[in-house]
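*Asks:* no sequence for this one, just the structure:
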């Protein structure tokens, strides 16, 4: 239930007033402009007014709707003025005397009458009217007659916020959800937030079958987009700052998430659980920004940059593609606890400084035209097939492998202290075609191993 003050919007009828204007009686009875309707002294005075429409349907129930009126008798002495408040609707009387009384005041007093919206034909309250009428004090000895005058009128309406059970389309242009602001939607709906900013703990929470679009969205601090159900989520040019999160903690259906030109800075994260297809276009993961996926998932990051300790983590049966990816500083593409099948492709990847690609489980990993510089590493544990096409392993970069593995380096160059190392307890098959190992570059093998170097220079 929501309370709303509604002022009169028209004077529909008046009797025995010399002067009465809407501008004199439309203010709050507790804070008036001092103007009054002036009675003519020819008989009982009355005035009937209409009101603007409430925001939503009225709440029904005894005493929930309330008229308040500032009244007085026109002159001191003589008789007191009796009065009545009558409820009307669309020009017809609904209820006589919802409140009655007698006033002795010439300075003015506020009287009120409460009523039930169930009396109305239209619960919307669109046609509500009030008639303030004098019922006594205007007859008898002419010298003692007194007349009722009105100084202000208001209707304190109580309405009910609508509950959506069908299909909702909601658009918020340039919306800002600050502090704990939230947009919560439950049902079958389409929602668009244009240039939205979710600050502090601002939240967009979607439950059900939903399509949601946030254009140029900024999720700052702990701003969150939570999705549960069969949902489609698109963030265009999104920025997730600090601990901003796009997350689906308990998804039981299918989620498709697209972040165009997304920037995940500081501890910003994209977490997906379930059967999901997230896509990040031209994404930048800086500081501790991370993309974390658990379940049966396909993920694509186009033109992705993972800087500082930016991390891409996956768990489950997954396919991951990073196109023209750059992992700098301690940037990591990692899957620490994979139990299913993992396929990872990095096209034209550059792993600089301590950037690393860590994989564990049953894997197929391909790095095309990859460059591993400084202490960058490709680390593989488990039953894996690893291919580095036209790879350059520079400085102290290393490609260590352990387990039952097949490793192929085509047209590879190992310079300075670059190392291809297999510490295998099972079977390792390593093939290096047209390989150049310069300076302290090493090919080190331990275990039951077959190693072939074709056209190699060591």
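*Replies:* Perfect, I can see it now. On a predicted model such as this, the values are computed, not experimentally measured, just so you know.

*Asks:* quick one: buried residues of stretch 81-96?
*Replies:* Residues of stretch 81-96 classed as buried by neighbour count (16 or more other Cβ atoms under 10 Å): 81, 82, 83, 84, 85, 86, 87, 88, 89, 94. In this view, the C-beta of every residue, glycine as well, is placed from N, C-alpha and C.

*Asks:* for stretch 97-112, same thing?
*Replies:* 98, 99, 100, 101, 103, 108, 109, 111.

*Asks:* per-residue pLDDT, the second one?
*Replies:* What the model reports for residue 99 is a pLDDT of 98.

*Asks:* Quick check: closest non-adjacent residue to it.
*Replies:* Leaving aside its sequence neighbours, residue 99 sits nearest to residue 113 (Cβ to Cβ, 6 or more residues apart in numbering; 3.0 Å).

*Asks:* From the rest of the structure, what touches the helix or strand harbouring that neighbour?
*Replies:* For residue 113, the enclosing helix or strand under DSSP states H and E is strand 109-115. Strand 109-115 has contacts (Cβ atoms under 8 Å, 6 or more residues apart in numbering) with 29-30, 62-72, 83, 85, 87, 95, 98-99, 101, 103.

*Asks:* run the last query once more with 6 Å
*Replies:* 29, 63, 65-71, 85, 87, 98-99, 103 (Cβ atoms under 6 Å, 6 or more residues apart in numbering).

*Asks:* Now the residues you listed in JSON lines, please, with extra columns for secondary structure and distance to residue 452.
*Replies:* Formatted as JSON lines, those follow (DSSP: H, G, I helix; E, B strand; the rest coil; distance: Cβ to Cβ, whole Å):
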{"residue": "29", "secondary structure": "coil", "distance to residue 452": "97"}
{"residue": "63", "secondary structure": "coil", "distance to residue 452": "92"}
{"residue": "65", "secondary structure": "strand", "distance to residue 452": "90"}
{"residue": "66", "secondary structure": "strand", "distance to residue 452": "92"}
{"residue": "67", "secondary structure": "strand", "distance to residue 452": "96"}
{"residue": "68", "secondary structure": "strand", "distance to residue 452": "95"}
{"residue": "69", "secondary structure": "strand", "distance to residue 452": "100"}
{"residue": "70", "secondary structure": "strand", "distance to residue 452": "101"}
{"residue": "71", "secondary structure": "strand", "distance to residue 452": "106"}
{"residue": "85", "secondary structure": "strand", "distance to residue 452": "101"}
{"residue": "87", "secondary structure": "strand", "distance to residue 452": "98"}
{"residue": "98", "secondary structure": "strand", "distance to residue 452": "99"}
{"residue": "99", "secondary structure": "strand", "distance to residue 452": "102"}
{"residue": "103", "secondary structure": "strand", "distance to residue 452": "110"}
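
*Asks:* Could you single out the nearest of those to residue 127?
*Replies:* residue 87 (11.2 Å; Cβ to Cβ).

*Asks:* If the closest one is in a bridge, with which residues?
*Replies:* Beta bridges link residue 87 to residue 95, residue 130 when assigned by DSSP bridges.

*Asks:* That one is in contact with residue 98, isn't it?
*Replies:* Yes. Between residue 87 and residue 98 there is a contact at 5.4 Å, judged by Cβ atoms under 6 Å.

*Asks:* where in the stretch 51-200 of the chain is pLDDT low?
*Replies:* Within the stretch 51-200 of the chain, the stretches with pLDDT under 70 are 162-172, 175, 177-189, 191, 193, 196, 198, 200.

*Asks:* Run through the strands of it in chain order.
*Replies:* 65-73, 81-89, 92-103, 109-115, 128-136, 148-159, 167-173, 176-177, 182-186, 188-194, 197-198 (DSSP state E, counting those that start in this stretch).

*Asks:* Quick one: closest of these to residue 1.
*Replies:* Here strand 148-159 is closest among the strands of the stretch 51-200 of the chain (Cβ to Cβ), at 5.4 Å.

*Asks:* Identify the farthest-apart pair in the buried residues of stretch 97-112.
*Replies:* 98 and 108 (20.6 Å).

*Asks:* For residue 152, which residues are in contact?
*Replies:* By Cβ under 6 Å, 6+ apart, the residues touching residue 152 are 25, 27, 29, 32, 70.

*Asks:* tell me the contacts of residue 7?
*Replies:* 26, 154.

*Asks:* err, residue 105, not the other one
*Replies:* Going by Cβ under 6 Å, 6+ apart, residue 105 touches residue 72.

*Asks:* circling back to that earlier point, how about the contacts of strand 109-115 in CSV, adding distance to residue 387?
*Replies:* As requested, the contacts of strand 109-115 are arranged in CSV below (distance: Cβ to Cβ, whole Å):
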residue, distance to residue 387
29, 83
63, 79
65, 76
66, 78
67, 82
68, 82
69, 86
70, 87
71, 92
85, 87
87, 83
98, 86
99, 88
103, 96
